[in-house]
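> need a 3D model of the following:
(2 chains)
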Amino acid sequence: MSYELQVNGKRHRVDTDADTPLLYVLRNELGLNGAKFGCGLGQCGACTVTLDGAPVMSCIVPVSVVGARKIGTVEGLGTATQPGVLQQAFIDEQAAQCGYCIAGMIMRAQALLDQHPAPSDEQIRRHMMPNLCRCGTHMRILRAVRRAADTLKAQDGGGRS
Amino acid sequence: MNAPANSGRRRLLVGVGSLTLAFSLHPAWAQEGGKKKDGGLPGSLEKEPWLDAWIRIDANNAVTVFTGKAELGQGIRTALLQVAAEELQVNPDRIRMVTADTARTPNEGYTAGSHSMQDSGTALRHAAAQVRFILSGMAAGRFQVADSALTLRDGVFEAPGGRRVSYGELLAGRQLHLKADGKAPLRPRAVHTVSGKPLRRTDILAKVSGGIAYAQDLRLPGMVHARVVRPPSQASRLESVDIATVARQPGVLKVVRDGRYLAVIADGEYRAVKAATLLARAARWSVPASLPGTRDVPAEVRARPAEAMPILKRGSMQQDGRTLSATYTRPWQLHASIGPSCAVAQLVDGQYTVWTHSQGVYPLREALAEMLGVDKDTIRCIHVEGSGCYGHNGADDVAADAALLARSYPGRPVRVQWMREEEHAWEPIGPAMLVEARATLGVDGRIADWEYAVTSPSHNNRPGKAGNLLAATHLAKPFTPPPGKPIPQPEGGGDRNAIPYYVLPNARVTHRFQHNAPLRTSALRSLGAYCNVFAIESFMDELAQAAHADPVAFRLRHLDDPRAIDVVKLAANKFGWGRGKPGPRRGRGFAFARYKNLAAYCALALEVEVARETGFVRIVRAVAAVDCGEIVNPDGVRNQIEGGIIQSASWTLLEQVRFDERQIQTVDWASYPILRFNQVPGQLEVHLIDRPGEPFLGTGEASQGPAAAALANAVAQAAGVRVRDLPLDRARMRNA
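Below you'll find the predicted structure:
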């Protein structure tokens, strides 16, 4: 089957089986490495991307149900040379060990900051709960999300006041 | 005829006439060189003494540093880079690091046991210092000045008058094929510019931006995808399987059956997944009752035969005083990597290439060669980072899968990734352990005698042998796993940290080693230290309570190593130990250990709150103090200690592999939950004691044991009841 997908603001046409989870399409058809296979069961969040801004586990979303919704992956936030605000915050806090969960963490956090630009610490913790980290980098991940929120607030305040 | 390497060496020596002079000018430097007392070379130089095996400098002054250790997410690539950059006096961003690769790097065995800084860091430090020293002599010779007159910046010497020459120009395309001697002067800490300072990890940029960061991300030209269908259990027999239907599925290139080893190779990854699901349904297995079940872990561990190996006999027992005894257990636990294990292999013209996140590319190559029946020189294993492994997980096994399937589908790269259920059910498991402790408290409030026995199967079933590779045990001509072996003291396996670090004039410690276990077991981060430190430090608290002593004061009473005393006092002070009282349902706990009794020191204080109705344990705050010798990357050390504490909290509060009489039942994150954001500490502080000039001590495994014990001690105070069987999960805490 052929599908048109909107990924990080660009249209892509892919030919794949209808039941293929979005994760495999992103990784293998579009060559996007950010979303990771962790469980294939929607339990760990390593595959988290956004659909119209909402975080989803792409390992359990068949490509056939995505439709016209806008797909966001970590590649859409910035690059290694020009990282986006959240990516920069994760770099500044050195918020990774093995890092396998990190792209998913960033995308879940992005969904939060899009909706609640000034979240409380408690809100961040609650929002991040679905995503698992095995290295125990949680404290740094929380700090990175906090830092990104503070950066966005400062930028926003500076830009609009 | 000389080998080319030797003739290269001769050419070089001809070109550097000033070298012997330079050495003879500084005889005192030999004593700073860090030679071991037994006369061996420092770190891994003992195994690989050639300087150009570690450091190569091209004519254009490009520097490449080689290490046999692998980046596992612990940041070792960055720390080793700092060590080399410091001694070479080359900017870190100009150094290319090449890690574990059987075709290119030294053989440093496994990246394990918190050994990388001791082994590879020490080797690189001395190799780099010697390279700098030799080149300094060459530059001095070229400019006819004393080498003290030279300044060195980013690999370029400058002599008085502004004359300059770079490392690369001095070597002019030759390499320093000389043996290390461990005698070159090391740069003193006071002048360090790179080592001892935080340096951002070199691998994180790719990880936050979707770069190719992992074996899982490799996408080679013509690559095909494979999935394996495992038996329901290791004892299962394959009665029948209908391969034909699966072979007709779209995209399926090959269905492999070799004994009870089943796999599919397909043109797309999800097609391989679907075909493997069908193949699993098409297989009929007989699944015998081969397991003991997990209803009563302590009884099961106790029931299995064990060989008693005394590891400490000091003084005499039966001292006067009050006797306490207690039994502690740890269940079967998993590495549970977030990313299931993955490898890519290809067979081209009789040569295998295997991209793997194994912790030991050289031992893996030995095992693969035996399994495939080929010479090891026909196999190249290249380390590529994977998801964090925390010890011997599925990495080697999936490399074996990829190699077997590359053999059956030659010419194309074959990528295999395990499914979640496979990783949970088939990774080598951290063994269940049992500790029986007894001690006599003397009238002076000190421990008068101490008797301790730890029962455990092997923590070391790593490859080296084909029988250590899961797939090899399922083939039509199966390989048998070699018997598990204990790891001798002082490092120990199940008995790692079984000997307390405290001053105990009368003590007996026994390792009860179990030659057989119902499940495949192997190294899980910190090995037996996790359970032994949990047991010893829990028992220390019980003894302190019996002695009506403060737990920290009681520990200090039994410590004589000043560095141990320093970390205990620092953790206690930073935490505010003894100040105020915890609120209702809250408790405070303390613990200390020196990893393996010879590596990093770690002390930990923490406060918990235990919810009465739910049994939920919340870590309010935790404060750790660490001494790992001379620190290379302070932020890297903090990251390792924080991670160790949180991972240990997960093991300690939540984790247990469960199985019935036939098969493992904990095969996903629902049945084997791990710590989530709601349960990680409210605050977590790590305080470091730097010891310039002291040997590097690894930190990857320093905090797990202390974290478990501090948690158990805090929970005991909060709940008013001591639970001695792990995990301290909600069910246990509700019933406590």
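> and the closest residue to chain A within the stretch 401-550 of chain B, how far from A:His138?
For the stretch 401-550 of chain B and chain A, the shortest gap (Cβ to the nearest Cβ) falls at B:Arg420, measuring 4.0 Å. All C-beta spots, glycine's among them, are computed from the backbone N, C-alpha and C. B:Arg420 is 21 Å from A:His138, where distance means Cβ to Cβ, to the nearest Å.
> so which of the two has more stuff around it?
Counted by other Cβ atoms under 10 Å in any protein chain shown, B:Arg420 and A:His138 do not tie: A:His138 has more neighbours, with 25 against 22.
> was I right about that one contacting B:Ile646?
Yes - with contact defined as Cβ atoms under 8 Å, A:His138 counts as touching B:Ile646 (5.9 Å).
> who touches both of these two?
In the contact map built from Cβ atoms under 8 Å, 6 or more residues apart in numbering or on different chains, the residues linked to both A:His138 and B:Ile646 are B:675, B:680.
> ranges for the strands of chain A?
A:2-7, A:10-15, A:48-51, A:54-57, A:70-72 (DSSP state E).
> most packed of these?
Ranked by average neighbour count under the criterion mean count of other Cβ atoms under 10 Å in any protein chain shown, the strands of chain A are headed by strand A:48-51 at a mean of 25.
> quick one: it to chain centroid distance?
Here strand A:48-51 is found 6 Å from its chain centre; the criterion is Cα atoms, centre = their mean, to the nearest Å.
> which residues outside that strand are in contact with it?
In this structure, residues lying in contact with strand A:48-51 by Cβ under 8 Å, 6+ apart are A:22, A:26, A:34-35, A:55-58, A:61, A:66, A:69-73, A:103-105, A:107-108, A:110-111, A:114, A:131.
> redo that, cut-off 6 Å
Counting by Cβ atoms under 6 Å, 6 or more residues apart in numbering or on different chains, strand A:48-51 makes contact with A:35, A:55, A:58, A:69, A:71-73, A:104, A:107-108, A:111, all of which sit outside it.
> B:Val686 - that's part of a strand, no?
Yes - residue assignment for B:Val686, taken from DSSP: H, G, I helix; E, B strand; the rest coil, places it within a strand.
> in helices, which of the contacts of strand A:48-51 fall?
A:104, A:107-108, A:111 (DSSP state H).
> nearest to chain B, of those residues?
For those, the closest approach to chain B (Cβ to the nearest Cβ) belongs to A:Gly104, at 9.1 Å.
> quick check: the closest one vs B:Gly210, distance?
For A:Gly104, the distance to B:Gly210 (Cβ to Cβ) stands at 11 Å.
> stretch B:327-335 and chain A, are they touching?
No - remark: stretch B:327-335 sits outside contact range of chain A, by Cβ under 6 Å from any Cβ of the partner chain, the gap being at least 8.2 Å.
> okay, domains of chain A per the record?
Following automatic domain parsing, one gets these domains for chain A: A:2-76, A:85-160.
> average pLDDT for the last one, rounded please.
It refers to domain A:85-160. The average pLDDT within domain A:85-160 is 95.
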